[in-house]
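Chemist: build the 3D model from these lines:
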Amino acid sequence: MTDIVKKFGDFTANDHIHLTVHKGEVHAILGENGAGKSTLLKVISRILKPYKGTVDVKGSVAALIELGAGIDPNMTARENIFLNGTLLGYKKDFIQEKFDEIVEFSELQDFLDSPVKNFSSGMKARLGFSIATSVQPDILIADEILSVGDVRFKKKCSERMQNMLSNGTTLLYVSHNMKSIEQLCDKALWLDHGLPVMQGTAKEVCA
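Modeler: As a prediction, this is how the structure comes out:
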């Protein structure tokens, strides 16, 4: 991405950001709340259009940016698997083929026909993660996805992500957990009030 500027009215959320991520890299984006991290991920995912600059993304993208994004709270988990899968670009036959696998990973077998509005944030995260990672994307965009849910399920999600990385998926990762960034990531970009402060190896930027 080159010279990305994203504004909301007079507020500049991303201010002249340049970022190059190569195939197979694990790249962190870090900063305080309100630094512009999630906005930048939405620009990369093409959820938002930049005010200025260009984004060049090669390959399929699975974006886990907001808990419950693309999930209708009034629909059941079963219905949402098909809705969310469609929003991610999957065909109905493909979703049907992957349905049992998605349900098994999410561990929501007993809640398939319950409205999602009755789910806890952890249950919504399970559902969203299970759908988005049911295929091997070229690029996985993950924003604090492991911040909710129980420890055992977080470990399960982490193992699935590691498996994707070992098979060549590129990861853009946002977290406030410096230890996980140092352990997981090759490189990092530090944002502050929308401005790029530093880019380099994950260890250098975390320090």
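Chemist: what's the neighbour count on Met198?
Modeler: Met198 has 12 neighbouring residues, counting by other CB atoms under 10 Å. From N, CA and C alone the C-beta is placed, and that goes for glycine too.
Chemist: which residues touch it?
Modeler: Leu189, Trp190, Glu204, Val205 (CB atoms under 8 Å, 6 or more residues apart in numbering).
Chemist: mind checking what secondary structure it has?
Modeler: With DSSP: H, G, I helix; E, B strand; the rest coil as the basis, Met198 sits in strand.
Chemist: so how far is Lys179 from it?
Modeler: In this structure, Met198 and Lys179 are 19 Å apart, going by CB to CB, to the nearest Å.
Chemist: among the contacts of Met198, which are in strands?
Modeler: Counting by DSSP state E, the part of these found in strands is Leu189, Trp190.
Chemist: after the lowest-mean-pLDDT helix or strand in the chain comes which helix or strand?
Modeler: Lowest on mean pLDDT, DSSP states H and E among the helices and strands of the chain sits strand 61-64, with a mean of 80. Downstream of strand 61-64, the next assigned helix or strand under DSSP states H and E is helix 77-87.
Chemist: buried residues, stretch 105-112. List them.
Modeler: Neighbour-count burial for stretch 105-112 flags Phe105, Ser106, Leu108, Phe111 (criterion: 16 or more other CB atoms under 10 Å).
Chemist: scratch that, stretch 30-44
Modeler: For stretch 30-44, by 16+ other CB under 10 Å, it's Leu30, Gly31, Ala35, Gly36, Lys37, Ser38, Thr39, Leu40, Leu41, Lys42, Val43, Ile44.
Chemist: does the nearest residue to the first one once chain neighbours are set aside have beta-bridge partners, and which?
Modeler: By the measure of CB to CB, 6 or more residues apart in numbering, the closest residue to Leu30 outside its immediate chain neighbours is Trp190, 5.6 Å from it. Going by DSSP bridges, Trp190 is paired in beta bridges with Leu30, Met198.
Chemist: residues contacting Trp190?
Modeler: By CB under 8 Å, 6+ apart, the residues touching Trp190 are Leu30, Gly31, Pro196, Val197, Met198, Gln199, Val205.
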